[in-house]
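A.B. asks: give me coordinates for this.
(2 chains)
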Amino acid sequence: DAKTTQPTSMDCAEGRAANLPCNHSTISGNEYVYWYRQIHSQGPQYIIHGLKNNETNEMASLIITEDRKSSTLILPHATLRDTAVYYCIVRVATGTASKLTFGTGTRLQVTL
Amino acid sequence: NAGVTQTPKFQVLKTGQSMTLQCAQDMNHEYMSWYRQDPGMGLRLIHYSVGAGITDQGEVPNGYNVSRSTTEDFPLRLLSAAPSQTSVYFCASSRAGQGGAQPQHFGDGTRLSIL
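C.D. replies: Residues are numbered from 1 along each chain as shown, chains lettered A, B, ... in the order given. From the prediction side, this is the model:
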């Protein structure tokens, strides 16, 4: 699976949009971009994933560049409960294997 | 629908003891896996299973055994605990097929300390 690069930490004011970048310049055509987050030491929580097109769900939006070498996770109205470590992961869409390779992620601090 | 359930939540062992970490899911997911997370690090894959009776090693399998006799359960066994196995252990499950397109669901973890 391709490697990803994320900033170590970011701050965001409550109520503002949080934009978390991720570089994955070696991504292959059959690799998905996944975002998970981990609050305190809880189990990672799935947020969103995409292949080529931008995606939106009730939690966030995922913007993938046309060349697919980078992406941005957008939390439209960040709250204090969104303070967490956010992991960007690329994962190959093979038949049955579903391995996730976690890096060290971005620590997002939402402040008042 | 409980999702992925891990027991126990906390455990302290002495070096050389054995124990089994339990993981159960009620979503009829074919794929299950175990990860460990050490302080300041991301999760690392220990073992995984694509269905009952099928298991395979991840990136850090040494010191751990697994089996998958049912779709629902995927226990992780430490045969002879070592201090280096002190960690937080997470179990995850997902549907199989189109592997990259299926999000994994994680349990809340088991915090294991080996003295």
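
A.B. asks: how would you label the nearest residue to A:S61 once chain neighbours are set aside: helix, strand or coil?
C.D. replies: Counting by CB to CB, 6 or more residues apart in numbering or on different chains, A:S61 lies nearest to A:I74, which is 4.4 Å off, once chain neighbours are set aside. Every C-beta, even on glycine, is put in place using the N, C-alpha and C of the backbone. Following DSSP: H, G, I helix; E, B strand; the rest coil, the label given to A:I74 is strand.

A.B. asks: beta partners of A:I74?
C.D. replies: A:N19, A:S61 (DSSP bridges).

A.B. asks: does it really touch A:N57, like I thought?
C.D. replies: No. Using CB atoms under 8 Å, A:I74 is not in contact with A:N57; the gap is 11.4 Å.

A.B. asks: more neighbours: those two, which one.
C.D. replies: A:I74 (16 against 11; other CB atoms under 10 Å in any protein chain shown).

A.B. asks: all strands of chain B, in order?
C.D. replies: B:4-7, B:10-13, B:19-25, B:31-37, B:43-51, B:54-57, B:64-66, B:76-78, B:87-94, B:105-106, B:110-114 (DSSP state E).

A.B. asks: which other helices and strands does the longest one contact?
C.D. replies: Packing contacts for strand B:43-51, counted by 3 or more CB pairs under 8 Å, 6 or more residues apart in numbering or on different chains; DSSP states H and E, involve strand B:31-37, strand B:54-57, strand B:64-66.

A.B. asks: okay, now the sheet partners of the last one, with direction.
C.D. replies: Right, the one you point to is strand B:64-66. With DSSP bridges as the test, strand B:64-66 pairs up with strand B:76-78 (antiparallel).

A.B. asks: what lies in contact with the strand it pairs with?
C.D. replies: B:13, B:18-21, B:23, B:34, B:46-47, B:63-67, B:85, B:89, B:91 (CB atoms under 8 Å, 6 or more residues apart in numbering or on different chains).

A.B. asks: mind checking which of those are buried?
C.D. replies: Using 16 or more other CB atoms under 10 Å in any protein chain shown as the burial test, those include B:13, B:19, B:21, B:23, B:34, B:46-47, B:64, B:66-67, B:85, B:89, B:91 as buried.

A.B. asks: how near is the most centrally placed residue in chain B to A:L108?
C.D. replies: The central residue of chain B, meaning the one whose C-alpha is nearest the mean C-alpha position (CA atoms, centre = their mean), is B:W34 at 2.7 Å. B:W34 sits 27 Å away from A:L108, going by CB to CB, to the nearest Å.

A.B. asks: got it, and B:F106?
C.D. replies: In terms of CB to CB, B:F106 sits 19 Å off from A:L108.

A.B. asks: which one's more surrounded, these two?
C.D. replies: Neighbours were counted for B:F106 and for A:L108 using other CB under 10 Å; B:F106 has more, 24 against 21.

A.B. asks: now do the residue nearest to the centre of chain B against B:L21, distance only.
C.D. replies: 8 Å.

A.B. asks: re the thing from before, in the buried ones among the contacts of strand B:76-78, find the pair that's most separated.
C.D. replies: B:L13 and B:S67 (20.1 Å; CB to CB).
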